[in-house]
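[1] Need coordinates for the below:
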Amino acid sequence: MSEKATFGAGCFWGVEAAFRRIPGVISTAVGYCGGSVDNPSYKLVCTDTTGHAEVVEVEFDPTRVTYEQLLEVFWENHDPTQLNRQGPDFGSQYRSVIFCHSDAQRQTAEVSKTARQSSGKYRRPIVTAIQAALPFWRAEEYHQQYLEKRGLTSCHI
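    Numbering: from 1, shown residues only. Take a look at the predicted model:
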């Protein structure tokens, strides 16, 4: 039986590509989560007025990849100390956030965040929010697997 995990780590294109490479990930979808508007568009989310974050929803087989392993991919593919920005992208839609689908995911995410903060890797505090999963709104089709469709492997600077 598969499970879902939802992560916001800046622009969703590169984050999705990172998760798609992980054995045990069944599927990914990019979209919006955490806002106050039903079925938002990319254009609306980019106004930074809806409260949504750009996120990747990951469907995974927990017998092949653990939630802890997915958290490692999340931490390694963005700077969790930047508040409402990643690289050149800024606004609350680019915030670092983990949307948990169960109490077990929340507990695991909290332990992982504490361990990361204590690791000495970061000079600044981790600002990643951890909260209960809210409705996921799938982004427009041209955003799905955006980098793959263009023959790119990442969009990191």
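
[2] Longest helix of this structure, counting residues only.
    In terms of residue count, the longest helix belonging to the chain (DSSP state H) is helix 103-118.

[3] Give me the outermost residue of this structure relative to its centroid.
    For the chain, the largest distance from the centre (CA atoms, centre = their mean) belongs to Gly120, which lies 22.7 Å off.

[4] quick one, what contacts it?
    Under the criterion of CB atoms under 8 Å, 6 or more residues apart in numbering, Gly120 has no contact partners. In short, each C-beta sits where N, CA and C put it, glycine included.

[5] Then the one 5 residues further on?
    The neighbourhood of Pro125, defined by CB under 8 Å, 6+ apart, consists of Thr81, Gln117.

[6] Show me which parts of stretch 72-90 are buried, residue by residue.
    Buried residues in stretch 72-90, counted by 16 or more other CB atoms under 10 Å: Val73, Phe74, Trp75, Asn77, His78, Asp79, Pro80, Thr81, Gln82, Asn84, Arg85, Gln86.
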